[in-house]
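Participant: show me the folded form of this:
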Amino acid sequence: MKAISEIEVLIVEDDLRIAEIQKLFIEKIEGFQTIGIASSYVEAKSFIEIMQPDLLLLDMYFPDMNGLDILKEIKQQSKQMDVIMITATKEIEKVQEAIKIGIFDYIIKPVVFERFKQSLLRYQEYYNKLSELGKGNFPVTQQQVDKLLRKEMNDKEREQTSLPKGIDRMTLEKVMVVLGNTSPGLTAEIVAKEIGVSRTTARRYLEHLMSEEKIEADLTYGTVGRPERVYAIKI
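Facilitator: Got it, this is the predicted structure:
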């Protein structure tokens, strides 16, 4: 049985490696529990009907479905669950359609933990406010409705999602993209060339990602026989 404040999350993602990364991210955020991973339409429908999760982390494209279709079904059936789209899809038409159907947030892959955490913390605040209001048998005020609809970060969230000095969010996301698109891993020199920065800068961002436990590194020997680190996204 889940704790009173615990939010149950279903991950709907056909790439199991990405799904496991999302599951690990969720485990780092207090108040959330992953109840399952669905990689197909049939699995997603079964989980939704049986488990009735509070929140879906939903990809856009699957071999047997479009994520927007299952989003439409959820809204048409008035199921009491919310959806955060997590997808590589960047077409504005798809983004607009998802927003019109009714999503809580839209995150573009590859997912950076800080952005992921920001989204879940905002949802947690919304969920708790809604639960609190639901306990009373009285009309809500305009102020309470405004708080539910407001999605900007508060001061506490800004502090929690802030980056250290010398780390730019856009550059950090570029590093994650390069690492996410390469297997099994890359050196700081290769990352630097890929994103157009110095080797020192690339190493600084890689070391930051290691400190946040998003990537890992192994020692190998380069062409000159000296040991060097090879970085890869941590699973």
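Participant: so who does Q96 touch?
Facilitator: Counting by Cβ atoms under 8 Å, 6 or more residues apart in numbering, Q96 makes contact with nothing. Glycine gets a C-beta too; all of them are placed from N, C-alpha and C.
Participant: what pLDDT does it get?
Facilitator: Per-residue pLDDT puts Q96 at 91.
Participant: state the number of residues packed around K100.
Facilitator: 8 (other Cβ atoms under 10 Å).
Participant: shouldn't it be within a strand?
Facilitator: No - according to DSSP: H, G, I helix; E, B strand; the rest coil, K100 belongs to no strand; its state is helix.
Participant: the closest residue to K72 other than its chain neighbours and Y127, how far apart?
Facilitator: Excluding its sequence neighbours, the residue lying closest to K72 (Cβ to Cβ, 6 or more residues apart in numbering) is I101, at 5.8 Å. Noted for I101: a distance of 19 Å to Y127, by Cβ to Cβ, to the nearest Å.
Participant: over to M170?
Facilitator: For M170, the distance to Y127 - Cβ to Cβ - is 30 Å.
Participant: with I29 instead?
Facilitator: Taking Cβ to Cβ, one finds I29 at 13 Å from Y127.
Participant: which one's more surrounded, the two?
Facilitator: Y127 (18 against 15).
Participant: nearest spatial neighbour of that one, chain-adjacent residues omitted?
Facilitator: Using Cβ to Cβ, 6+ apart, the closest residue to Y127 is I7 (5.8 Å).
Participant: report the contact partners of that neighbour.
Facilitator: 31-33, 54-55, 123-124, 127.
Participant: who's it bridged to?
Facilitator: F32 (DSSP bridges).
Participant: how close does it get to D218?
Facilitator: 35 Å.
Participant: helices along this protein, start to end?
Facilitator: Using DSSP state H, the helices of the chain run over 16-27, 41-51, 67-76, 92-101, 113-134, 142-149, 155-161, 169-180, 188-195, 199-211.
Participant: using TSV, lay out the ones you listed together with distance to I233.
Facilitator: Shown next, in TSV, are the helices of the chain (distance: least, Cβ to Cβ, whole Å):
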stretch	distance to I233
helix 16-27	7
helix 41-51	25
helix 67-76	23
helix 92-101	25
helix 113-134	11
helix 142-149	35
helix 155-161	20
helix 169-180	5
helix 188-195	12
helix 199-211	9
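Participant: of those, which is nearest I86?
Facilitator: Proximity to I86 (Cβ to Cβ) singles out helix 16-27 among those, at 7.0 Å.
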